[in-house]
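Colleague: what follows is a predicted protein model with its sequence.
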Amino acid sequence: MVVIDLVKHTDDESVQLLRQIASGSERAMREFYNRFERTVYTFSLSRLNDPHIASDLVNEVMLAVWNGAERFREGSKVKTWLLGIARYKVIDQLRKRKHDDFSELDDEVPDDTLITEELLTLAEDRAAVRDCLERLSATQREVMQLVFYEELHYREVAELTACPEGTVKTRVYHAKQWLKKCLERWLRED
Amino acid sequence: MGSEMDIKGQELNKLLPWYVNGTLAGEERERVEAYVEQDQGGQIEVAFLRSVQTAIREQQDEVVSPAEVGWRRLQKTIAEQRHEAPLQTGKQRHWWRPTLAAAALLLLVQGGVLVQIWPVYKQHYTVLSSSRQGATGIVLQVSFDPAISEEQLRGIINNIEAQIVGGPGALGIYRLRLPAEIKQTAAINRLIRRLRDTPGVTTVEQD
């Protein structure tokens, strides 16, 4: 089933919804849920890889919005604020599972791989790219998701992940290098 | 010079993901655009990143989120929460918690203090303003100018040999019992007039 979000909402409208939620409007909560449940779910799923826990997390995050909409600081971006709540809960889940992938070191990076014509063609093979994306570390998958799916600016990613902007750029760069290396292996295996 | 160009190229290369996701703006975007136009390696990188983005988008778009089922679940959770804390909505939901905590703490502290001092005061405390047991006498309601000193106030009360039996309340009114021997209306009215003429006294009425 392909679901495409055709409607782009302005942040002002979302801020307005949060104000209404803060005063107890369930109708505004419904609208807010419709706008953002998918964002929270796909983000959580990409980190946790478990649809049931990701669903629980959507409920928890939305309940946190219902109970704490007044804590939203105007001037922030709603999506960044929301993903910040989701990220905190994801980390909590990973801790419960005793996963340590938030503390992993991703400093090691493969040598620079030149993008050949073959590699570029393979990059259009969805199965190959997906397989390689799944092989990325959780931290790398997280930044790739935030940049290429949530389309956040590096400053927003830095704010969300509490990292310096330089670290965010380096993480994405390393993730890209790992992807190239992985695709190169696919080529060799063929 | 060449290595300086390499460093600049690397910096711009690291910005390519945000060039592809369309969030770069202004001068930063212009610099990256110029880099991509001039550098073939940069163009290939952009093509690669666009393929990656398409793959990620397609992968995510296939995900089936909780949607309506999730909303019904959330509604149920909110309803349960409301049931637990009826009549609480929005910002009002938790306002009472710190107040209640502070009140409980205050009671605890007061309780502790009372337990400590009670045995002492139980033996020695007497209400200074209380009337003598069995005392009778006319009671007046008197208010004073807030500017007068406590000494002046005591002086006025002593002059008429009255005794404080109540107050001051929120309006600053004292209840003063006159000596038992002042019973006759004429004597009472004289004393009231005298009091009203006393500097520092604002109002005098019979209780």
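Modeller: Cool, got the structure.
Colleague: and the residue of chain A closest to chain B?
Modeller: Of all residues in chain A, A:Gly24 sits closest to chain B, at 3.3 Å by Cβ to the nearest Cβ. The C-beta positions use only the backbone N, C-alpha and C, and glycine is treated the same way.
Colleague: that residue - how many residues pack around it?
Modeller: For A:Gly24, the neighbour count with other Cβ atoms under 10 Å in any protein chain shown is 17.
Colleague: what's the lowest-mean-pLDDT helix or strand in chain A packed up against?
Modeller: None of the helices or strands of chain A scores lower by mean pLDDT, DSSP states H and E than helix A:117-122, at a mean of 84. Where contact means 3 or more Cβ pairs under 8 Å, 6 or more residues apart in numbering or on different chains; DSSP states H and E, helix A:117-122 is packed against helix A:165-189, helix B:40-61.
Colleague: redo the ones you listed as TSV? Include distance to B:Glu27 and mean neighbour count.
Modeller: What follows is those, written out as TSV (distance: least, Cβ to Cβ, whole Å; neighbours: other Cβ atoms under 10 Å in any protein chain shown):
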stretch	distance to B:Glu27	mean neighbour count
helix A:165-189	16	18
helix B:40-61	17	18
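Colleague: these: which one's closest to A:Ile91?
Modeller: With Cβ to Cβ as the criterion, A:Ile91 lies closest to helix A:165-189 of those, at 16.1 Å.
Colleague: now do that closest one against helix B:40-61, angle only.
Modeller: 90 degrees (axes from the mean of the first three to the mean of the last three Cα atoms, to 10 degrees).
Colleague: quick revisit: give me the distance between the residue of chain A closest to chain B and A:Gly68.
Modeller: Remark: distance between A:Gly24 and A:Gly68 (Cβ to Cβ, to the nearest Å) = 13 Å.
Colleague: give me the distance between the closest residue to A:Ser14 other than its chain neighbours and A:Val58.
Modeller: Nearest-residue entry for A:Ser14: A:Val78, 4.0 Å, with adjacent residues in sequence omitted and distances by Cβ to Cβ, 6 or more residues apart in numbering or on different chains. Taking Cβ to Cβ as the measure, A:Val78 falls 16 Å from A:Val58.
Colleague: same question, A:Thr121
Modeller: Spatial separation of A:Thr121 from A:Val58 under the definition Cβ to Cβ is 37 Å.
Colleague: show me the shaky parts of the chain.
Modeller: No chain was given, so I picked chain A. Across chain A, residues meeting the criterion (pLDDT under 70) sit at A:1-9, A:98-113, A:190.
Colleague: try again with chain B
Modeller: Flagging of chain B using pLDDT under 70 yields the residue ranges B:1-6, B:85-105, B:107-135, B:170-171.
Colleague: without its sequence neighbours, what residue ends up closest to B:Tyr19?
Modeller: In space, and not counting its chain neighbours, B:Tyr19 is closest to B:Val32: 4.6 Å by Cβ to Cβ, 6+ apart.
Colleague: just B:Ile160 next, same as before
Modeller: Nearest residue to B:Ile160 in three dimensions, chain neighbours excluded: B:Leu191, at 6.1 Å (Cβ to Cβ, 6+ apart).
Colleague: count of residues packed around that neighbour?
Modeller: B:Leu191 has 19 neighbours, counted by other Cβ under 10 Å.
Colleague: for it, pull up the helix or strand it's in.
Modeller: With elements delineated by DSSP states H and E, B:Leu191 resides in helix B:185-196, which encompasses its position.
Colleague: show residues contacting that helix.
Modeller: B:138, B:140, B:142, B:156, B:160, B:178, B:182, B:201, B:204, B:206 (Cβ atoms under 8 Å, 6 or more residues apart in numbering or on different chains).
Colleague: got the contact list for the fifth one?
Modeller: Think B:Ile160. Under the criterion of Cβ under 8 Å, 6+ apart, the neighbours of B:Ile160 are B:176, B:178, B:191, B:194-195.
Colleague: which of the residues you listed are buried?
Modeller: When neighbours are counted using 16 or more other Cβ atoms under 10 Å in any protein chain shown, the contacts of B:Ile160 contain these buried positions: B:176, B:178, B:191, B:195.
Colleague: the third one and B:Val69, how far apart?
Modeller: B:Leu191 sits 84 Å away from B:Val69 when distances are taken as Cβ to Cβ.
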